[in-house]
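**Q** Please find the sequence and the predicted model below.
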Amino acid sequence: MFQFIFRRLSLVIPTFIGITLLTFTLIRLIPGDPIDVMAGERGVSPERHAELSAQLGFDKPLYIQYFRYVTGVLQGDLGNSLVTKESVMSEFLTLFPATIELATCAALFAILIGLPAGILAAVKRGTVIDHSVMTFSLTGYSMPIFWWALLLMLVFSVNLGWTPVSGRIDVTYWIEDVTGFMLIDTFLSDEEGAFTSAVSHLILPSIVLGTIPMAVIARMTRSSMLEVLNEDYIRTARAKGIAPWRVIVIHALRNALIPVITVIGLQVGILLSGAILTETVFAWPGVGKWLIESIGRRDYPVVQGGILIVACIIIFVNLLVDITYGIINPRIRHSR
Amino acid sequence: MKKGLTALSLALITAGAISTTSVQAATTLVYCSEGSPEGFNASLYTSGTTFDASSKNMFNRLLEFKLGTTETEPGLAENYDVSSDGLEYTFHLRKGVKFHSTKDFKPTRDFNADDVIFSFDRQGNKNNPYHMVSGGSYEYYTAMGMDTLVKEIVKIDDYTVKFVLNQPEAPFVANMAMDFASIFSKEQADALMKAGTPEKLDSDPVGTGPFQKVQYRKDSLIRYTAFEDYWKGKAKIDRLVFSITPDASVRYAKLKAGECDVMPYPNPADLKQMAADPNINLLSQEGLNVGYLAFNTQKKPFDDVRVRQALSLATDKSAIIDTVFQGAGKEAKNPIPPTMWSYNNDVVDYPYDPVKAKKLLAEAGYPDGFTTNIWAMPVQRPYNPNARRMAEVMQEDWSKIGVKAEIVSYEWGEYLDRSKKGEHDTVLLGWTGDNGDPDNFLYVLLGCEGLGGSNRAQWCNEEFNNLLLGAKLTADKAERTKLYEESQVVFKREAPWITIAHSVVYEPIRKEVKGYKVDPLGGHFFYNVSK
């Protein structure tokens, strides 16, 4: 098992170099110079421009800039934002808990609804239940996030007043930053109602963000289950008189889960890298919005550093997925 | 992972110690701001978002803009004298003004001349120990020409400061009320320097303004409390919260649901519904801005004034106001907005007259028109909510007199850079005023000094330029007004731009909010507001 993990890890190094090189070059390939973008309509004089680029190190040849960047990264220094002058790492750490919180809730929503719906559709294949699950998941999959978010917001927040419109907590609660996770912070605080407020703020964004992953999981589970349910050993199990639910949950589901876990892993990776649209609509202070804004501002250190961290997280999640395969299906562990 | 565990256990240990305050009795005003501030030191930045969060509500300046106007009034200086040669401005400072305090810093003395000198010296003096902190770039200080204008700043006594200038420059007074001129505490700066954390002055500063910052969570919210010892008296609200909400439709939804009290920058499409909502007061005022199309006067055929006039005649501005601004704009005839002093209302604009336009074009030697381009900005601005659409309307208008225009656009930074260099034939752009002084529009955008820079028409007219230079030299406002009025006549005759529109700024607020005023300079102030 350790050898397996080690082998997977050794692949990370070239990926890592590739990512630094790609982000470094790509952001510089986009036309538009950070100093001009900062100055806007007002503009800066050529002398001031030269002075500023010297100060930021942009006057050096690209390979030197890249070398400096990589040396920094190896020493754990991702540089400072050109706009806020804050260190990229500390900005990331203040925003990431919000992203994790939302991603976790969205993933839970997606799995808790998607998995049973997929199983149900497979078991009741060809019935009204199957058709409606598939129609719903197809609709969910093709839902434009922005529109879906605004629709839910208008119905549940503005018209019915059941959930708050946006943000992480009602502004009347003054919660100290302890962990950065609002659910934990409010739970620890002694303010009455703060935890409920934090939960209610999570509902709509989690549903919106979880809709597409839910649809994907439901469809994947259904097709994977159908395949397994047609296998001979299932027929044998049924013929032996094992209770139907045992056949489905214990015999079929375990084998059907492998591709589903792959999909869940991919989706969680995407969720953790920040949900740009959902974060923008719900004014959710996460990393996705931060990265997009930084690209617009040509904030090179933030784009480079932010994408690098996000990539590492995705690599990590994929590694976890691979290990999970190994646990669920011993054949995978041994064959590699 | 280990780090995460430590953080969690730390959280559990400190759980008992978390201080939270009951808020039921306090009045809280929620402002749904459009973005995160870049920092809390306004002299380092140029965006209105940052100014709202810092200078407007946390700080004071020697002079302030009288709320709702572009005129200045006494702030931390009770008054000032100007020497007869216009080179020396002596400010007499207010006594008994207190600074805020933070967790790490408690002021031991009142505001005085040292704070004024520090706040400006940091920006202008490269040897000031704070100059290079947070990057050492003071864009507004430089952009307003303060680096070349100010010769020295002299402390006469604890409550008198003298600014000595290199040449007489009347707009200087207006600069003193700008955000970059906010006064910091030298005492705090010294303490932070001693502690080895000077950069904290820019993220966690104390000011003398009506609100003090308590907490900032990036992209989420900023919390302030009213400053008890504010020199004008404590604000009427107890707490102020900026709830950062980047999307305009969501801001509106929050306003409707009562989660915000004031919101900036509504979608033009929502205005009708807002006006009809009984829970919302829709405030409006003409903004201190202008949207224009600049001809590149150094390129053929736009070096010929007749061509410029012909295209001015061929453009139907009322159609632009309807389709692009959806009514939230006013036709512009001068390069400065009507809310600004010295606006010349006697100037007659070019009417929409394609027949006359065609005739003028023929006179200029282009009876069949010509081909050209219109550059359209890729971004949305108050002075131009949809440049692409605007360019399409103009393209259509111009085609009626035979001028075939191709619409061109670049990424924003690229757009600004290329148009500065004059690569365009005609370019759509605009300007939002900084200090309410006409010089800040006319000289910056059309003066000869701006060639290859902010003067996108690449237009240098001696007659016009001399009038502006004259107005810089005299401190007499009546005299200056006369010169600026004259310059607007020259401008219209020479037509280096088609002046298109001044936008109308709308600010919806909840019905229960009282005393809120729209600032023509684009800021958002909450001192006078009650709920």
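**A** Perfect, I can see it now.

**Q** Which residue lies closest in space to the spatially most central residue of chain B, excluding its sequence neighbours?
**A** Taking Cα atoms, centre = their mean, the centroid of chain B lies closest to B:D434, which sits 4.5 Å from it. Among residues not flanking B:D434 along the chain, B:N440 sits closest, at 5.3 Å (Cβ to Cβ, 6 or more residues apart in numbering or on different chains). Every residue, glycine included, has its C-beta placed from N, CA and C.

**Q** Wasn't that neighbour part of a helix?
**A** Yes: counting by DSSP: H, G, I helix; E, B strand; the rest coil, B:N440 falls inside a helix.

**Q** Find the closest residue to chain A in the stretch 151-300 of chain B.
**A** The minimum distance from the stretch 151-300 of chain B to chain A, using Cβ to the nearest Cβ, falls at B:D219 (3.4 Å).

**Q** if I look at that residue, how far off is B:K400?
**A** 48 Å (Cβ to Cβ, to the nearest Å).

**Q** if you count what's nearby, which of these two comes out ahead?
**A** B:D219 (22 against 14; other Cβ atoms under 10 Å in any protein chain shown).

**Q** From what I see, that one and A:L95 are in contact.
**A** Yes: assessed by Cβ atoms under 8 Å, B:D219 is found in contact with A:L95 at 6.6 Å.

**Q** give the contact list for residue 168.
**A** Reading this off chain A. Counting by Cβ atoms under 8 Å, 6 or more residues apart in numbering or on different chains, A:R168 touches A:98, A:182, A:198, A:201, A:284-285, B:220.

**Q** right idea, wrong chain: chain B
**A** Contacts of B:P168 (Cβ under 8 Å, 6+ apart): B:85-87, B:472-475.

**Q** And what about it, helix, strand or coil?
**A** coil.

**Q** Which helix or which strand is home to the spatially most central residue of chain A?
**A** Nearest to the geometric centre of chain A sits A:L271, at 1.6 Å (Cα atoms, centre = their mean). Using DSSP states H and E, A:L271 maps to helix A:254-272.

**Q** Please list the residues outside that helix that contact it.
**A** So helix A:254-272 is contacted by A:99-100, A:102-103, A:106-107, A:110-111, A:115, A:118, A:209, A:213, A:216-217, A:220-221, A:224-225, A:227-228, A:231, A:310, A:313-314, A:317-318, A:320-321, A:324-325, A:328-329 (Cβ under 8 Å, 6+ apart).

**Q** Select only the buried ones of those in PyMOL?
**A** Provided next is the PyMOL selection string for whichever of the contacts of helix A:254-272 are buried by 16 or more other Cβ atoms under 10 Å in any protein chain shown:
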select buried, chain A and resi 99+100+102+103+106+107+110+111+115+118+209+213+216+217+220+221+224+225+228+310+313+314+317+318+321+324+325+329
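
**Q** is it true that B:M390 touches B:T426?
**A** No: using Cβ under 8 Å, B:M390 is not in contact with B:T426, being 11.8 Å away.

**Q** How about the residue in chain A that chain B sits nearest to, nearest residue that isn't a chain neighbour?
**A** Of all residues in chain A, A:G32 sits closest to chain B, at 3.0 Å by Cβ to the nearest Cβ. Closest residue to A:G32 apart from its sequence neighbours, by Cβ to Cβ, 6+ apart: B:G413 at 3.0 Å.

**Q** From B:P378, how far off is that neighbour?
**A** From B:G413 to B:P378 the distance is 10 Å (Cβ to Cβ).

**Q** In terms of neighbours, single out the busier of these two.
**A** Between B:G413 and B:P378, counting by other Cβ under 10 Å, B:G413 is the more crowded of the two (23 against 14).

**Q** Do a quick rundown of the strands in chain A.
**A** Counting by DSSP state E, no segments of chain A form strands.

**Q** which sections of it are below the confidence cut-off?
**A** A:1, A:40-43, A:274, A:330-336 (pLDDT under 70).

**Q** hang on, the earlier thing: quick one: residues contacting the closest residue to the residue nearest to the centre of chain A other than its chain neighbours.
**A** Closest residue to A:L271 apart from its sequence neighbours, by Cβ to Cβ, 6+ apart: A:A103 at 3.8 Å. By Cβ under 8 Å, 6+ apart, A:A103 lies in contact with A:209, A:268, A:271-272, A:275.

**Q** Report the separation between the closest residue to chain A within chain B and A:L266.
**A** Using Cβ to the nearest Cβ, B:G413 is the residue of chain B that sits closest to chain A, at 3.0 Å. As judged by Cβ to Cβ, B:G413 and A:L266 stand 34 Å apart.

**Q** thinking again about what came up before, ok, the residue of chain A closest to chain B touching B:R418?
**A** No: if you go by Cβ under 8 Å, A:G32 and B:R418 don't touch, sitting 10.7 Å apart.

**Q** Identify the contacts common to those two.
**A** Contacts common to A:G32 and B:R418, judged by Cβ under 8 Å, 6+ apart, are absent.

**Q** for the stretch 1-150 of chain B, what spans make up the strands?
**A** Here the stretch 1-150 of chain B has its strands, by DSSP state E, counting those that start in this stretch, at B:28-31, B:63-65, B:72-74, B:77-82, B:88-93, B:150-157.

**Q** need the contact list for A:V247.
**A** By Cβ under 8 Å, 6+ apart, the neighbours of A:V247 are A:234, A:237-238.

**Q** Any chance of a ChimeraX selection covering the buried ones in the residues you listed?
**A** The ChimeraX command for the buried members of the contacts of A:V247 (criterion: 16+ other Cβ under 10 Å) is given here:
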select /A:234,237
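
**Q** which one among the contacts of A:V247 gets closest to B:G515?
**A** Comparing the contacts of A:V247 against B:G515 with Cβ to Cβ places A:I234 closest, at 73.5 Å.

**Q** do you know how far A:G18 is from A:T25?
**A** Distance from A:G18 to A:T25, by Cβ to Cβ: 11 Å.

**Q** repeat for B:P107
**A** 49 Å.

**Q** again, but for A:A98
**A** 30 Å.

**Q** For these two, indicate the residue with more neighbours.
**A** Each of A:A98 and A:T25 has its neighbours counted (other Cβ under 10 Å); A:A98 has more, 25 against 11.

**Q** and the residue lying closest to A:G76 once chain neighbours are set aside, what does it touch?
**A** Excluding its sequence neighbours, the residue lying closest to A:G76 (Cβ to Cβ, 6+ apart) is A:M89, at 7.8 Å. A:M89 makes contact with A:76-78, A:305, A:309, according to Cβ under 8 Å, 6+ apart.

**Q** what's the most distant pair in these?
**A** Using Cβ to Cβ, those reach their maximum pairwise distance at A:D77 and A:I309, which is 12.9 Å.
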